[in-house]
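> task: produce atomic coordinates for the following.
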Amino acid sequence: MEKITFIFDLDGTLIDPALYEVPSSAVDAIVHLKRCGYRCLIATGRAFHSVCQTSVKEIIPWDGFICSNGQHVLDQDGNTIHKYTMDPIRVHQAVALAQTYNMNIQFQGDPSFLLKEVEEVVIKAHSFFHEPIPTLIKSYENEPLDMLMVYHEDVEKLLSFKAIDGLDVFLGRSTYADVVDAGQSKFRGIKTYFEYVQEPIHYVAFGDSDNDMDMIENAFIGVAMGNATIELKELASYVTTEVHHDGIAIGIDYVLKKITA
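Below you'll find the model as predicted:
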């Protein structure tokens, strides 16, 4: 068996956002991978505590977790390998910009909190990935943060945070975007994980959205879901079917045939 790691995004990849469940075909395929001895990781924009609230955590004993778009890397037991915190100066600049557009921000930390009271745009975003909305409302006071989540219906306003030097923006599949310090990404987290296990970077990745771009681009085989963005499909080595049409199972079958041929 070729030594290779399988890495999966969560929302829109493993989790069907319409039903908020992992298709049984995907569960069976991942269990099969694990039984065959392949290492399996999760790579997501979610914080680790949010991953633990999903059914995905219980599918198999995962070998590691790339969370908060690569800014928090954990081992199979949930122990931190590496954690990056955002530059407070950039966070304050993001807050100032958000206030000019009357936008809300989620500050992802311990605990996470919102800049202002919950509006419909926040509810809509969280209904996509079924993550609880933080109940704490307060101003930012230089707390250590993994990343920011900004909310708006207007994509241009979400992308306006790119104008702040040193910030990157990953559009979500709903009314939000993830904002991180420039250079932080899922692939950055993946590199950190492989440094930790002291192995060459060699992996297959499955994803569907903006924050999966560099993970897919740098994969040995990058698989885009049928429900992925056009841009991600163009980067991928292979485009499988939608998450709710056995996309994970079909994609895994394709990869196994490629690497065992």
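> doesn't Val73 fall inside a strand?
Yes - with DSSP: H, G, I helix; E, B strand; the rest coil as the criterion, Val73 is located in a strand.
> show me where pLDDT drops low in this protein?
Applying pLDDT under 70 to the chain flags the ranges 1-2.
> okay, strands next: where are they in it?
All strands of the chain, identified by DSSP state E, fall at 5-8, 39-43, 64-67, 72-75, 80-83, 104-108, 113-114, 147-151, 167-171, 176-181, 203-207, 221-224, 238-239.
> among these, which comes closest to Ser127?
Smallest distance to Ser127 across the strands of the chain (CB to CB): 11.0 Å, for strand 176-181. Every C-beta, even on glycine, is put in place using the N, C-alpha and C of the backbone.
> what helices or strands is that closest one leaning on?
If you count contacts as 3 or more CB pairs under 8 Å, 6 or more residues apart in numbering; DSSP states H and E, strand 176-181 packs onto strand 147-151, helix 155-159, strand 167-171.
> with distance to Thr85 and mean neighbour count added, can I get these in TSV?
Formatted as TSV, the helices and strands packed on strand 176-181 follow (distance: least, CB to CB, whole Å; neighbours: other CB atoms under 10 Å):
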stretch	distance to Thr85	mean neighbour count
strand 147-151	10	25
helix 155-159	22	14
strand 167-171	14	19
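> dump those into a markdown table; add distance to Gly37 as well.
Output for these, formatted as a markdown table (distance: least, CB to CB, whole Å):
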| stretch | distance to Gly37 |
| --- | --- |
| strand 147-151 | 33 |
| helix 155-159 | 41 |
| strand 167-171 | 32 |
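> out of the ones you listed, which comes closest to Lys124?
Of all these, strand 147-151 sits nearest to Lys124, with 8.4 Å by CB to CB.
> parallel or antiparallel, which strands does the closest one pair with?
Strand pairing for strand 147-151, determined by DSSP bridges: strand 104-108 (antiparallel), strand 176-181 (antiparallel).
> got CSV for those, with distance to Tyr196 and mean neighbour count too?
Converted to CSV, these look like this (distance: least, CB to CB, whole Å; neighbours: other CB under 10 Å):
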stretch, distance to Tyr196, mean neighbour count
strand 104-108, 22, 24
strand 176-181, 20, 24
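> Asp11: which of those is closest?
For these, proximity to Asp11 was assessed by CB to CB; strand 176-181 is nearest, at 11.3 Å.
> can you redo the strands of the chain as CSV with distance to Leu256?
CSV is the format used below for the strands of the chain (distance: least, CB to CB, whole Å):
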stretch, distance to Leu256
strand 5-8, 10
strand 39-43, 13
strand 64-67, 21
strand 72-75, 25
strand 80-83, 28
strand 104-108, 35
strand 113-114, 43
strand 147-151, 34
strand 167-171, 29
strand 176-181, 31
strand 203-207, 9
strand 221-224, 10
strand 238-239, 12
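> residue nearest the centroid of this structure?
Nearest to the mean C-alpha position of the chain, counting by CA atoms, centre = their mean, stands Thr44 at 2.2 Å.
> tell me the contacts of that one?
Residues counted as contacts of Thr44 (CB atoms under 8 Å, 6 or more residues apart in numbering) are 9-11, 51, 65-67, 69.
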